[in-house]
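**Student:** Would you be able to build a 3D model of this:
(2 chains)
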2 protein chains.
Amino acid sequence: MSNTNQQPPAPNGAHHELGNGKKHILINAFDMSTVGHLSPGQWKNPVDKSATKRRLDYWIELAKLLERGGVNALFLADTYGGYDTYEGSVDNCIRRAAQWPITDPTIDFQPISAMAAVTKNLSFAITASTSFEPPYLLAKRFSTLDHFTQGRIGWNIVTSWKKSAFKAIGLDNPIEHDERYRQADEYLRVLYKLWESSWSPTALSPDPANDSYVDPAQVRTINHKGKYFSLDAKHIVDPSPQRTPFLFQAGTSSAGSDFAATHAEAIFVSGHSPSVLRPKIDAIRALAAQKGRDPRSIKVFATFTPIVADTDELAQEKLKELKKYASTIGGLVLVSGWTGIDLWTPRLVAEHAAIGGLGPVSVGSPQTVADELERWVKEADVDGFNIGYVTTPGTFEEVVDLLIPELRRRGVYPELPDPSEEPVTAREKIYGKGQNGLRDDHEGSRYKYHLYQEDPPYKSEEEGQA
Amino acid sequence: MSNTNQQPPAPNGAHHELGNGKKHILINAFDMSTVGHLSPGQWKNPVDKSATKRRLDYWIELAKLLERGGVNALFLADTYGGYDTYEGSVDNCIRRAAQWPITDPTIDFQPISAMAAVTKNLSFAITASTSFEPPYLLAKRFSTLDHFTQGRIGWNIVTSWKKSAFKAIGLDNPIEHDERYRQADEYLRVLYKLWESSWSPTALSPDPANDSYVDPAQVRTINHKGKYFSLDAKHIVDPSPQRTPFLFQAGTSSAGSDFAATHAEAIFVSGHSPSVLRPKIDAIRALAAQKGRDPRSIKVFATFTPIVADTDELAQEKLKELKKYASTIGGLVLVSGWTGIDLWTPRLVAEHAAIGGLGPVSVGSPQTVADELERWVKEADVDGFNIGYVTTPGTFEEVVDLLIPELRRRGVYPELPDPSEEPVTAREKIYGKGQNGLRDDHEGSRYKYHLYQEDPPYKSEEEGQA
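**Tutor:** So this is what the prediction gives:
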């Protein structure tokens, strides 16, 4: 297979400029270990397998399907509590199975190893919060998983805001919004120190003659005393293929954008129309440029729920069938939670939200939906999509069997990698072969082992504490 | 296969009394996601695969091997920091790979899903500490894994004591020993509330006609305000096959014994000779009886490292070969850490400890080693063994191919389960078919949904707070 398919490195970070005015589109599958993710109510639909996510089989079959389609990554959302804004109660969240109950694919990453064992190329992006656990434990967890997947791990960084989650953890109240991002900024810097600065690249050099497996002089103790975290430890896992997992982040608020422009390698956005998103995306890229980063190196993924059939007519019929099962109240529960407004009136919004949440839904033939994706890429300047499902694996089968082949025909989607070639890491898939570690223009690169030694780069952290 | 092999329920908890004066012996494989577990230095031995534990293949192949042998459980140790007692430094822990570096099989449970996918009968016992994370998150994690494995999960409860671990987490100092157990006791009670009391057995009753997946009236909010933890939440995962994972615990100190007699369904002990262990085991069983539990329902597993070959002579030759690779200093690092004494003098102890740690090592033919196991069962009154390895999977292959067949010939080890029968849960394997949940005489049963409703049973917790 040609290098084009492996998305070779491009100094400007625009891996997928194909030179013909076309770009490769990145496609992630968006899922969550819960019965109703973005389209509550479909558990009543006999074709939907949402309710089988408690069994490993669901995840293993899904991973195989996505691998077969050449999907970039499986993006797994998580939440730490129920949605309780609607009617001021969690009852309808529970009754309608609107992201509740939820098993734990993410903070625990539990099905990942089973999925990694049956795939070679699929990446995994896992949601985990900076609010609830010591950075040392999270660092250990991601390093382990990056080893097990041979570098196919991404982290969707979230800061938590749900009251119910804080009550569950035993904390009184969510931390205030901007403060949360300052805390998250320090959290990331502690992680960079553990992942990038603790181990020299040559520390692990087994020397049987001297009964020496690791050279302790090359494993630095990280001594961090910050505003929110303190730590005095060596990273306990030897460097994994990527060291720092590929970093995703959502959030287009002001504090969120600053964080994204500093730390995110990919951002995840959601909006009804390209014109709503475009200015936010432009602003984040501009902010990244101010920070010395190639603005094109930040990849933007928009939520997108396709309903695809062979023809537009068949797709509309499919939509009609899906609507039968949609839970309007489930939609209300989610939208109320996301917006913080108890939406007991605008049922129209909720009816719409019961399929695809607040993101766009495109219904039609592969040609119609591919046109829509290309329009989004052009008008919103996004690099790819997090594909939400209505029924699972139904929607993902449509993507793999109908939509991706159409995108390939148009030359905007990579062919499957050559099985004889070494699989690439999550970061190499985005930035090209050889780019396993953070790019040099990324903030975390200031913490790389040798740089750290010469000039401890804590500047912006001190600013953060001022 | 007969019920004998499935260990049918016995009202006295002595599942494996065979009526002929013989008992079935329980065998666990004892491993840790680190290069040198109990026999540091063997990474230099070409037959040892310890250094490949960063790859999933290691775990998948090990799980298949143990499944083939009919081993009860894979018991996974964990640690949260390096051993730094020896010479007051972690340097030799690092250099000799004495349980360092360590990936994360346990707090994260990462390879478990891959192993669960290739096995049906093997159970998994996972070490996790009560010291570092909110009970709500641990509860979610275990419930998820109990779903994924269909009830094959055990938890090895530890309270943490390593200074280095606390420094890594950002806490100043380990909590004082007895206090740690009081905290752990409350931690367990919070977990019982989440696992046992939150969901009615009939809460999850999908009713498509009413757009109702779960009945919120049957999912109780746990409102816990204790000395160490507070929580105001519903458990976010629906009940898993066992609800509470099968509970292991180590610790024969006074506070540890009280905790074990209250909460443990199995205890894990380590000692050089049966006569040293016997009084401790008797004391815990007596304490359990005082608390109203069947003393025989507490299963005791002793660490045991076998070196087995076809004949005694060949086994001795094997030992000689293994000694070539043993790291004496690695042994010193571990023993110093475990005992809290910087053992820079008694190298004899360390030389011994470099194979099998502080537990017994038995070298010989299958007959010799089986005799030794039977002697331990009789003299120490243990129910089974956590088998440590010298090389892996070498030791486990010896157990599966040589030792277990010999035990079967003696009628003290169950045959493989009939593949046509439904696999049983971890708890059913110990207490017999049908016993998926906690036994009625177990402390946690006081928190079962219907009991909790009638009479909130917080008595001993209040005592704990007095």
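
**Student:** how much space between A:L56 and A:Q367?
**Tutor:** 36 Å (CB to CB, to the nearest Å). Where you see a C-beta, it was placed from the backbone N, CA and C, and this is true even at glycine.

**Student:** Neighbour count: the two, which is higher?
**Tutor:** Taking other CB atoms under 10 Å in any protein chain shown, A:L56 and A:Q367 do not tie; A:L56 has more neighbours (21 against 16).

**Student:** The more buried one and A:A114 touch, don't they?
**Tutor:** Yes - the criterion here is CB atoms under 8 Å, and A:L56 meets it with A:A114 at 5.3 Å.

**Student:** Need the overlap of contacts for these two.
**Tutor:** B:113, B:116-117, B:148 (CB atoms under 8 Å, 6 or more residues apart in numbering or on different chains).

**Student:** and which of those is nearest to A:P405?
**Tutor:** Distances from A:P405 to those, taken as CB to CB, are shortest for B:A117 (29.4 Å).

**Student:** quick one: contacts for the closest residue to the closest one other than its chain neighbours?
**Tutor:** Spatially, and ignoring its direct neighbours in sequence, B:A117 is nearest to A:A114 (4.5 Å; CB to CB, 6 or more residues apart in numbering or on different chains). Contacts for A:A114 (CB under 8 Å, 6+ apart) come out as A:56, A:59-60, A:63, B:113-114, B:116-117, B:148.

**Student:** again, only using 6 Å
**Tutor:** A:56, A:60, B:113-114, B:117 (CB atoms under 6 Å, 6 or more residues apart in numbering or on different chains).

**Student:** tell me which element it falls in.
**Tutor:** With elements taken from DSSP states H and E, the one containing A:A114 is helix A:112-117.

**Student:** What mean pLDDT does that helix get?
**Tutor:** Per-residue pLDDT over helix A:112-117 has a mean of 89.

**Student:** Next, count neighbours for A:K44.
**Tutor:** A:K44 - counted by other CB under 10 Å - has 19 other residues nearby.

**Student:** ok, now A:V400?
**Tutor:** Count around A:V400 with other CB under 10 Å applied: 20.

**Student:** Show the contacting residues for it.
**Tutor:** Contacts of A:V400 (CB under 6 Å, 6+ apart): A:65, A:69.

**Student:** Mind doing that once more with 8 Å?
**Tutor:** Neighbour list for A:V400: A:65-66, A:68-69, A:71 [criterion: CB under 8 Å, 6+ apart].

**Student:** Report the separation between the residue of the stretch 251-400 of chain A found nearest chain B and B:G70.
**Tutor:** For the stretch 251-400 of chain A and chain B, the shortest gap (CB to the nearest CB) falls at A:S327, measuring 5.2 Å. Plainly put, A:S327 is 46 Å away from B:G70 if you go by CB to CB.

**Student:** Now tabulate the contacts of A:V400 in CSV and tack on pLDDT and secondary structure.
**Tutor:** Formatted as CSV, these follow (pLDDT from 0 to 100; DSSP: H, G, I helix; E, B strand; the rest coil):
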residue, pLDDT, secondary structure
A:L65, 95, helix
A:L66, 94, helix
A:R68, 94, helix
A:G69, 92, helix
A:V71, 93, coil
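
**Student:** What subset of the residues you listed is buried?
**Tutor:** Buried members of the contacts of A:V400, counted by 16 or more other CB atoms under 10 Å in any protein chain shown: A:65-66, A:69, A:71.

**Student:** A:G384 and A:K23 touch, don't they?
**Tutor:** No - under the criterion of CB under 8 Å, A:G384 is not in contact with A:K23, lying 9.3 Å apart.

**Student:** which of the two has more neighbours?
**Tutor:** Between A:G384 and A:K23, counted using other CB under 10 Å, A:G384 has the larger neighbour count: 25 against 18.

**Student:** Now do the same for stretch A:151-159: mean pLDDT, whole number.
**Tutor:** Stretch A:151-159 shows a mean pLDDT of 93.

**Student:** I meant to write stretch A:445-461 there.
**Tutor:** Mean pLDDT, stretch A:445-461: 66.

**Student:** three-state assignment of the residue nearest to A:P135 when sequence neighbours are not counted?
**Tutor:** Spatial nearest neighbour of A:P135, chain neighbours left out: A:V190 (4.2 Å); criterion: CB to CB, 6+ apart. Three-state call for A:V190 (DSSP: H, G, I helix; E, B strand; the rest coil): helix.

**Student:** show me the contacts for A:V190.
**Tutor:** With contact taken as CB under 8 Å, 6+ apart, A:V190 is in contact with A:135, A:139, A:222, A:224, A:226, A:229, A:231.

**Student:** How much space separates it from A:E196?
**Tutor:** 11 Å.

**Student:** With A:T52 instead?
**Tutor:** Distance from A:T52 to A:E196, by CB to CB: 40 Å.

**Student:** same question, A:G340
**Tutor:** In this structure, A:G340 and A:E196 are 37 Å apart, going by CB to CB.

**Student:** between the two, which one's more packed in?
**Tutor:** More neighbours surround A:E196 than the other of A:G340 and A:E196, with 22 against 8 (other CB under 10 Å).
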